Structure formats: structure tokens, C-alpha cells
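Enquirer: Sharing a sequence plus its predicted fold:
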Amino acid sequence: MDTSGGQQLKVLGFFTLLLVVFYGSSLQNGYSLDDEYAYTSNRLATNGLSDISSIFSSQSFDYGSFKFGYRPISVLSFALENQFFGVNPKVSHLVNLLLYLIISFMVLRVLLRLFPKEKAGLAICTAFFFLILPIHTEIVNNIKCRDELLMLVFGLTSLLLWMRGKDKKVFYVLSIITLFVAILSKKSALVFLGIIPVMEFFHSNGNWKRSALVTGLMFLPFVLFRLTTRFVRTSSSNRDYSFVENPLYGGELEVNKAVLVLESAWFYFKNLMFPTQFVSYYGYKTIEFQNFGLGAVMGLLVIIGLVVLAAINLKRRRIFVFGAIVLLGGVLPYLNLLMPMVGIVAERFVSVASIGFSILVVYGIHDGIEKFGKPKYNKFAVIALGIYAIAYLPVIQARNSEWESQISVMQADVEKVPESVVLNNSLGNNYFYQFLAAKNIKEKREFGAKALKYSSTSAQVYPTEAAYTNQGAAEYKVYNDSKKAELSFKKALEINPNYEDALNKLSTMLMELNRTKESINFYEILINNYPRKYIYYEGYVRQLCQVGEFEEALAVVNNAIQMEPNVPIIALLKANIYGEMKEYDQALIWSKKANVLDPGNRQIIGKINFLNNQIKNAE
């Protein structure tokens, strides 16, 4: 089979058809799990191109009480999308599909350039196999995984540019720059720093010296990334990882790290080839971490087998060896060996490793057939790939439909792993917000019951501050049981005395129950721990004024103004305090200050008009 432009164009058309068949239904989906913090509620993304500098100078994601991550290329892609199409799930899914198509075709291009003497049909089969791997359903369907897709696009582009460096040295420079962009898409692109030297070894006919030199040059993208992140504005609030996210983060149960590492390895190897089920979040109670079992044994055997296979065949530079090395290198960072992974495992973690896996399977089968002197049986390998595609087409399409929304994917997944603490808690939290938004009694009863059910299940499986807080919120708002709710909130605070959500919900509930002094006590803890969360000041100030502590209320507000003088809500709170004190002149001054900071706000304008009338009547 020739590799002309026309032939490759036909292959691209075939891949496009496959993509429509396997993933076209994803265009009907809305936004789903974690898409809000990656895009739809991310100001850096939804501001379009109005403030590109902030995209590169700020942490990328805002997730409630903390900001984290630095993936500016991913955020920039959302900003570009938003600039021209607004927040539109169909467009977002279409972009993900196009990126996945590009990646699949680039796998083909890399193999054709890296191994030009090999049969082009093998490269096509490898890219085809990569495209239909069911483990990719997450990165295609989850808009949050845009970072993973962009990382692969720029990482593979870097490989292609590097191989052109022999012709023109400028391509080496372009390759390093492109790899730097890949790392800015997602830090997991660092694995390409190891892949490029291995690729150079194969591309230079086993020249170890060139490979060693390339390994040294690979420090450049890493250094560029570290220098860039030094100039990023970081948040003072940090995320605390918990036992339920990964037992290695610490908890009351003993963890056998070797078991967890090997079970993680088997999870990836098993689901790359013959997936049994996919879940959006794993964590505690989904992966074995204490006792050696079949999964750990299988993980160990596969790792040993791949290492031995690569070692025996490395000198001959068989292509499947390159695949085995990429597979092992791509999996290694996600085995919980070097550092605990959030959720323990995830399908998206092995997107790079899946390229190596595809190479290993296709070229390995080909070499095995040739070894027995029956190359004509290669057609059966093609038939096998076709059978695999047909067999897993329903699996992929079913998973597409499960990713329809945030609730749909969690509801489907919690049925697969009913003891997942994080999934139960997240599902309970989502149903709680559905309860609050419901417009009729029937829906309120349905969503309220589910909110309490899943939150309670989460707390029963493993008590966490988040689980108890969500349970308390459901008990209070759904069933109006303030006594049970208070117990739940206080259980959350026993686990973590400074847990923000529990402090906020308990303070608010006590305020609504007119237990003013108790509410003040918890508001004080909340404000002391989160002094720049100005949304909490309103309740605190209102409670202080309720008991006549006007000077204390002014002191609290003045302290906030010293930290950040131009916050409209704080200026308005100061106006409200003076209004409660009947000092209308001062109240008017601070209302006008709030109006300057937030012009056009109807609440502030109404306050100004009210105060003007009060002053006029007093005269």
C-alpha cells in the first residue's frame, strides 16, 4: 500500500466515518462531570479573548474554595471557542471529536515516518485500533479532557517535527517548542521527554550516543515550563486530598502500597484490551489496596512480561518493542508508585500509553505471524480488528449516552461501584441542587429523597466531612429536620474543624433558626479561616447587628476593606451597618462608594434612593 497524499486522504476519510459511527452520538450530550470548573464556570474561559494575559498568568481552574492547575493552552482553547460560539455543548463536543480524529491520524503519520520501510497497512491498522479503543470514551466525551486531547496533539506534533530535524536543524527547535506547548496543555506531556529519546534510538538505527544526547536536550522543555510557572499567580488556598480519593493520602486503614501499584497496573492493562466497565471516578472501595489477589498477580506478570520482551528484542529494534516501551513509560507515572493519584486510577491517565499498546498489539501480532512463516495469515489480523470493532461498538455507544450529563454519568457509575464514597457524595450533592431548583412538589420529593439517600450512603461507607455536610443539608432543607442536620454538620466539623462548607451551612441554618449567638460563633470561625470569601460577611454582619454589636460589625468590615478596598459587597455592607445605626449620611457615602465599584447594580441604586428619602424626611 502506498503512502501518497491521496492514499492518506482516503484513510483520513475512513477514520472520519469511523469517528461518526463510534462517537457521533456524543454530539447530543450536554456538559458533564467537572466541565463547569474546566469551562462553563471558569471566568478565564468564558471571558473569551478579552484577557488572554490572565489565562497565562493565573492558575487555570477555580473549584470553589481553591484554585489549582496550570493548563493555559486548554483554557485558551475554551476561550477561543467561547469567543466565537459562546457556551455551546454541541460545539464543545465537536471540537473534542475533531481533536480525537487529528490524534488518530497523527499516530499513523508518526509510524509512517518513524518506520518508513515497514508496511503502511500495519501503521493504518495501528491507528485504526487506537481510534476504536473503548478506554478513550472518557477523553472523547468529557469536555474537561480537552487538556488531554491537546496534550496528545502537540506531543505527537513534537515527535513528527523531531524526526524532520535530520533534514533541517530548525525542526529540532520547533519540536522542543511544540513539546513545551504540550506541557502547557497538561503536565502529563512530560512523558514525551522520555519517548523522544527512545524514538531517536529507533530512528537512528540504534545509535545510543544520539539517544543519550537527545535525553539531555529534553531538559529544555521542562526548564521552560518551570520558569513559566514561577510567574503564575497562585492562590493561597490549597486542596487537601483525602483517604477516599486515594488511601495513600492517609486514613485509618492500613495500605499495602505494592498491592495498590500492581492492582493499578492490572486495571490499565485489562481495560486497554478487554474493558469490563468504565467509571468516571474510582477511589476508595473500587480498587484493592490491602490484600494480594488475582489482580495484583496479573499486574506483576504483565509488567515482567513487557520488560523481558523489550529487553530480549531491543537490539533488533522490533517495532513492537517501541510500543512496549511507550506503554510501560506511559503507565508508570499513574501506578501510584511515584505519587498518589487522585481517584487511584482513571481511563484518561493512559492516553499516551494507549498509543504504545496499539503499536505493541498490531506489530506484535504481525511479527508473531511472520515468525511462523505464514505472512498470508496477516489478513486474519485485520479481520480480528474488525471483529473487535464490531464487538465494542455497542460498549462505546452505551458509554457515550451515559456521559449525557453530570448526573447521568454518576448515576450510571454508582450502580457499577455502589460503595464509591466520592460518587455517592457527588451524586447526593447534585440531587440536592436539583431539589433546590425543582418547581413542583413531586420533583422536590424525588430529588430530595435521592439527595439524602446518596449522601447518607457516602457517610456510611466512609465518614468524611463532605459526606456529613451534604447529608446535613438534605436533612435540613428536604425534611426540615434541624436537629439531625445539626448533628451531621457537627460530625463534619469533628473530622475537620475548619471545613468551609460545613461552617457555612451550619452558620446559615442557625441564623435562620434565630439562634443568633451560636451562629455568630461559627461565622467567626468561617471568616477567620476564609477572610477573602466576602460572600460570608453578609450573614456574619447581619447577625452582629441583630444583637447590637455595631462596632464589632464595623471592625469586621473595616478589616476586609484593608485587605481589599474595592469590593462592592463590602462597601454595601458598611452602608447597611450605618443604616442600622440610623447614621444615614455615612450610609449614603458608602452606598455611593459601592455604586462606583459596581455601577448599574439595582440593589445599590435602590439603597441610595431609600437613603436620600430618609435624609430628606429627617430634614
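Expert: Yep, it's here.
Enquirer: looking at this, I344 is in a strand?
Expert: No - counting by DSSP: H, G, I helix; E, B strand; the rest coil, I344 falls outside a strand, being coil.
Enquirer: Got the phi and psi for it?
Expert: In terms of degrees, to the nearest 10, the main-chain angles of I344 are phi 70, psi -60.
Enquirer: residues in contact with it?
Expert: E245, N246, P247, L260, S264, Y282, G283, T286, I287, F289, N336 (Cβ atoms under 8 Å, 6 or more residues apart in numbering). C-beta: built from backbone N, CA, C; applies to glycine.
Enquirer: could you dump those to CSV with pLDDT and secondary structure?
Expert: Formatted as CSV, the entries for those read as follows, by pLDDT from 0 to 100; DSSP: H, G, I helix; E, B strand; the rest coil:
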residue, pLDDT, secondary structure
E245, 92, coil
N246, 93, coil
P247, 93, helix
L260, 96, helix
S264, 96, helix
Y282, 94, coil
G283, 92, coil
T286, 90, coil
I287, 92, coil
F289, 93, coil
N336, 95, coil
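Enquirer: Is it possible to get a markdown table of these that adds distance to I495 and neighbour count?
Expert: Formatted as a markdown table, the contacts of I344 follow (distance: Cβ to Cβ, whole Å; neighbours: other Cβ atoms under 10 Å):
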| residue | distance to I495 | neighbour count |
| --- | --- | --- |
| E245 | 15 | 22 |
| N246 | 17 | 25 |
| P247 | 16 | 24 |
| L260 | 23 | 25 |
| S264 | 27 | 26 |
| Y282 | 22 | 24 |
| G283 | 17 | 25 |
| T286 | 21 | 21 |
| I287 | 23 | 21 |
| F289 | 21 | 24 |
| N336 | 24 | 23 |
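Enquirer: Which one of the residues you listed is nearest to F129?
Expert: In terms of Cβ to Cβ, no member of the contacts of I344 lies closer to F129 than S264, at 23.2 Å.
Enquirer: Can you give me the neighbour number for the closest residue to the closest one other than its chain neighbours?
Expert: Excluding the flanking residues, the one nearest S264 by Cβ to Cβ, 6 or more residues apart in numbering is L335, at 4.8 Å. By other Cβ atoms under 10 Å, the residues close to L335 number 21.
Enquirer: Please list all residues in contact with L335.
Expert: For L335, the contact set (Cβ under 8 Å, 6+ apart) comprises V261, S264, A265.
Enquirer: Nearest to G194 among these?
Expert: Each of the contacts of L335 was checked against G194 using Cβ to Cβ; the closest is A265, at 17.8 Å.
Enquirer: Please render the contacts of I344 as CSV that adds distance to K10 to the earlier fields.
Expert: Below are the contacts of I344 laid out as CSV (distance: Cβ to Cβ, whole Å):
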residue, distance to K10
E245, 46
N246, 46
P247, 50
L260, 46
S264, 40
Y282, 40
G283, 44
T286, 43
I287, 43
F289, 49
N336, 43
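Enquirer: For P565, which residues are in contact?
Expert: By Cβ under 8 Å, 6+ apart, P565 has no neighbours at all.
Enquirer: so is it in a helix, a strand, or just coil?
Expert: Classification of P565 by three-state DSSP places it in coil.
Enquirer: In JSON lines: the contacts of L335, plus distance to A555.
Expert: Below are those laid out as JSON lines (distance: Cβ to Cβ, whole Å):
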{"residue": "V261", "distance to A555": "53"}
{"residue": "S264", "distance to A555": "52"}
{"residue": "A265", "distance to A555": "57"}
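Enquirer: Show me which of those is closest to V331.
Expert: Relative to V331, the closest of the contacts of L335 is A265; by Cβ to Cβ it sits at 6.6 Å.
Enquirer: Quick check: closest non-adjacent residue to that closest one.
Expert: Of all residues not flanking A265 in the chain, G299 sits nearest, at 3.7 Å (Cβ to Cβ, 6+ apart).
Enquirer: which residues in the stretch 1-150 of the chain form helices?
Expert: Counting by DSSP state H, counting those that start in this stretch, one finds helices in the stretch 1-150 of the chain at the ranges 5-23, 35, 43-46, 52-57, 72-85, 89-114, 120-132, 137-141, 146-163.
Enquirer: Tell me which of the ones you listed sits nearest to I569.
Expert: Here helix 43-46 is closest among the helices of the stretch 1-150 of the chain (Cβ to Cβ), at 17.0 Å.
Enquirer: List the buried residues of the closest one.
Expert: Across helix 43-46, burial judged by 16 or more other Cβ atoms under 10 Å covers L44, A45, T46.
Enquirer: Next, find the distance separating F219 from F180.
Expert: With the distance defined as Cβ to Cβ, to the nearest Å, F219 ends up 12 Å from F180.
Enquirer: These two: which has the busier surroundings?
Expert: Using other Cβ under 10 Å, the more surrounded residue of F219 and F180 is F180, with 20 against 10.
Enquirer: which ones are touching the more buried one?
Expert: L220, P221, L224, F225.
Enquirer: Equivalent analysis for R43, please.
Expert: D62.
Enquirer: Point to the helix or strand of this protein where mean pLDDT is at its lowest.
Expert: The weakest-scoring helix or strand in the chain, judged by mean pLDDT, DSSP states H and E, is strand 66-68 (a mean of 67).
Enquirer: got the contact list for the closest residue to I132 other than its chain neighbours?
Expert: Of all residues not flanking I132 in the chain, A389 sits nearest, at 4.8 Å (Cβ to Cβ, 6+ apart). Under the criterion of Cβ under 8 Å, 6+ apart, the neighbours of A389 are L18, F128, I132.
Enquirer: what about 10 Å?
Expert: Counting by Cβ atoms under 10 Å, 6 or more residues apart in numbering, A389 touches L18, V21, F22, F128, F129, L131, I132, I396.
Enquirer: Just to check, the third one is in contact with F128?
Expert: Read it as F22. No - counting by Cβ atoms under 10 Å, F22 does not reach F128; the two are 11.1 Å apart.
Enquirer: where does the stretch 351-500 of the chain have low pLDDT?
Expert: The stretch 351-500 of the chain contains residues with pLDDT under 70 at 373-378.
Enquirer: which stretches of the stretch 451-600 of the chain form helices?
Expert: 465-477, 482-495, 500-512, 516-529, 537-546, 550-563, 568-580, 584-597.
Enquirer: now, of these, which is deepest in the fold?
Expert: helix 465-477 (a mean of 27; mean count of other Cβ atoms under 10 Å).
Enquirer: just the angle between that one and helix 500-512, please?
Expert: Orientation of helix 465-477 against helix 500-512 (axes from the mean of the first three to the mean of the last three Cα atoms, to 10 degrees) gives an angle of 20 degrees.
Enquirer: ok, of the buried residues of helix 43-46, which one's closest to F115?
Expert: Proximity of those to F115 (Cβ to Cβ) peaks at A45, which lies at 39.4 Å.
Enquirer: can you pull the contacts of the closest one?
Expert: Contacts for A45 (Cβ under 10 Å, 6+ apart) come out as 37-39, 55, 60-61, 74-83, 87, 146.
Enquirer: one more time with 8 Å, if that's ok
Expert: Counting by Cβ under 8 Å, 6+ apart, A45 makes contact with A38, Y39, V75, F78, A79, N82.
Enquirer: go on, I176?
Expert: By Cβ under 8 Å, 6+ apart, the residues touching I176 are S158, L217, L220, P221.
Enquirer: That's all I had, so thanks and see you.
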